[in-house]
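Chemist: could you work out the structure for the sequence below:
(2 chains)
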Amino acid sequence: DAGVIQSPRHEVTEMGQEVTLRCKPISGHNSLFWYRQTMMRGLELLIYFNNNVPIDDSGMPEDRFSAKMPNASFSTLKIQPSEPRDSAVYFCASSLWQNNQPQHFGDGTRLSIL
Amino acid sequence: AQSVTQPDIHITVSEGASLELRCNYSYGATPYLFWYVQSPGQGLQLLLKYFSGDTLVQGIKGFEAEFKRSQSSFNLRKPSVHWSDAAEYFCAVGAPGAQKLVFGQGTRLTINP
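Modeler: The predicted structure is shown next:
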């Protein structure tokens, strides 16, 4: 069975550029989560969706970050404009929205902003 | 609000030795508890979970964890570690019925040959 698929696996870009990270959740899952992992702050929840609707975006650092889920099988996290402090590993996870079913993580996108 | 503390940032054990990784949580009621493992360059993989019932839960790869309400702890154990267990381990807590998880800072496990 295919797990959560994230692309790209690595992204290196210059500050000021727009960055788009992509996620395909596990088929049948109806909750999707975006996390950011850094050495300093650990694993932080940025935003999560239930049935394609954003439920909690309180973790989104600032207006430069936006996330969308146009359908059940695709989500994007966009940073515009990007800054060096956005460098991190970004994970997408999905789960069934039912009694705290465990979240399944993708392998992440390692983002470096120069 | 929930919180999780993993007191040990880095632990080193010898191959074949026993292992215990500590996790303390803060939550007003009985939480849902999880342990995840992250190998280098990969995402987090679920090891085990506790929702209710038997306080000793078994997971994959020979791991187990025990929920102790009186100590607000959910420590992860393995009787004999293998070199392949070297990874980062995360404890997480969630409120029943809620989707959000709060993760600890992680414990990095190194295995000496």
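Chemist: and the residue of chain A closest to chain B?
Modeler: Closest approach of chain A to chain B (Cβ to the nearest Cβ) occurs at residue A:105, with a separation of 3.4 Å. (Glycine included, C-beta is placed from N, CA and C.)
Chemist: so that residue sits against residue A:5, correct?
Modeler: No. Using Cβ atoms under 8 Å, residue A:105 is not in contact with residue A:5; the gap is 11.2 Å.
Chemist: higher neighbour count, those two?
Modeler: The neighbour comparison of residue A:105 against residue A:5 (other Cβ atoms under 10 Å in any protein chain shown) goes to residue A:105, with 24 against 14.
Chemist: quick one: residues contacting the more buried one.
Modeler: Contacts of residue A:105 were listed using Cβ atoms under 8 Å, 6 or more residues apart in numbering or on different chains, and they are A:4, A:91, A:92, A:93, B:36, B:43, B:44, B:45.
Chemist: now with 10 Å, please.
Modeler: Under the criterion of Cβ atoms under 10 Å, 6 or more residues apart in numbering or on different chains, the contact partners of residue A:105 comprise A:3-4, A:6, A:33, A:35, A:43, A:91-95, B:36, B:38, B:42-46.
Chemist: who touches both of residue A:105 and residue A:5?
Modeler: Residues touching both residue A:105 and residue A:5 (Cβ under 10 Å, 6+ apart): residue A:92.
Chemist: what about the residue of chain B found nearest chain A, how many residues nearby?
Modeler: The nearest approach of chain B to chain A comes at residue B:43, 3.4 Å away (Cβ to the nearest Cβ). Burial measure for residue B:43: 22 neighbouring residues, criterion other Cβ under 10 Å.
Chemist: repeat for residue A:63
Modeler: Neighbouring residues of residue A:63 were enumerated by other Cβ under 10 Å; the total is 7.
Chemist: which strand or helix spans it?
Modeler: Under the criterion of DSSP states H and E, residue A:63 resides outside all helices and strands.
Chemist: my guess is it contacts residue A:78. True?
Modeler: No. With contact defined as Cβ atoms under 10 Å, residue A:63 and residue A:78 do not form a contacting pair (11.3 Å).
Chemist: common neighbours of the two, please.
Modeler: Taking Cβ under 10 Å, 6+ apart as the contact criterion, no residue touches both residue A:63 and residue A:78.
Chemist: what is the subsequent helix or strand relative to the helix-or-strand element of chain B with minimal mean pLDDT?
Modeler: Considering only helices and strands, the least confidently modelled element of chain B by mean pLDDT, DSSP states H and E is strand B:101-103, at a mean of 91. Downstream of strand B:101-103, the next assigned helix or strand under DSSP H and E is strand B:107-112.
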